[in-house]
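K.L.:
No letters, just coordinates:
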């Protein structure tokens, strides 16, 4: 998950209604991420988001019908802008770019607090869990599979490489260190992690 920033949707008009102003949408989105990071999904209220945004609660309902809908829409917009995966021409270059981008996101103050909370909440909220899988996990993993397929075409990986396990190796160790145990990292940590991930995938 990358650093949340206010999405930039085009102005749109509800059927028979007023134009939804970008500035208000942006203010609500910024307030949503700040509030979510502060109190977590379970305690998040649309009233608090509206107050933080300096808008009325009706402004939220003109855009999203519920807290869940707002969460999925805004998280999806952020993720969709961050699922691009570099094509450096080598598997090592691609993996290093992948973990570098992921580390930057996990070190940002908002994703560092939001991601663990949403994952924990999804274990108690099946509807949220399914929505997050479709909006966050699936697009990210699909792009990462493309990275592996390019490596296969270049002859860097065998055609029968375990793709699911490779995807777990790409994301798991870094998330554990930065988001779960919050351990410090040396300047060369991402380079060393990249080499270990490559060795495990190739093995």
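P.N.:
Perfect, thanks for sending it. As the structure is a computational prediction, the values presented were derived from the model and not from experiment.
K.L.:
Touching, residue 166 and residue 147? I think so.
P.N.:
No. Counting by CB atoms under 8 Å, residue 166 stays clear of residue 147, with 9.3 Å between them. In short, each C-beta sits where N, CA and C put it, glycine included.
K.L.:
I'd guessed residue 179 sits against residue 116; true?
P.N.:
Yes. At 5.5 Å, residue 179 and residue 116 qualify as touching, with contact defined as CB under 8 Å.
K.L.:
quick one, domains of this protein?
P.N.:
12-77, 83-202 (automatic domain parsing).
K.L.:
Show me how far the last one is from its chain's centre.
P.N.:
Here domain 83-202 shows a centroid-to-chain-centroid distance of 11 Å under the convention CA atoms, centre = their mean, to the nearest Å.
K.L.:
rewinding a little: anything in contact with each of residue 166 and residue 147?
P.N.:
Residues touching both residue 166 and residue 147 (CB atoms under 8 Å, 6 or more residues apart in numbering): none.
K.L.:
So residue 179 belongs to a strand, correct?
P.N.:
No. Counting by DSSP: H, G, I helix; E, B strand; the rest coil, residue 179 is not part of a strand but helix.
K.L.:
what about it, distance to residue 72?
P.N.:
21 Å (CB to CB, to the nearest Å).
K.L.:
in stretch 184-192, what's buried?
P.N.:
By 16 or more other CB atoms under 10 Å, the buried positions in stretch 184-192 come out as 189-190.
K.L.:
I'd like the average pLDDT over that stretch.
P.N.:
For stretch 184-192, the mean pLDDT works out to 94.
K.L.:
Same question for stretch 115-125.
P.N.:
90.
K.L.:
All further residue positions should be reported with the first residue as 893.
P.N.:
In the new numbering, first residue 893, that becomes stretch 1007-1017.
K.L.:
Secondary structure class of residue 1059, three-state.
P.N.:
helix.
K.L.:
Check residue 1078 too.
P.N.:
The three-state assignment at residue 1078 reads coil, by three-state DSSP.
K.L.:
Now it. Its backbone dihedrals?
P.N.:
The phi and psi values for residue 1078, taken as degrees, to the nearest 10, are phi -70, psi 160.
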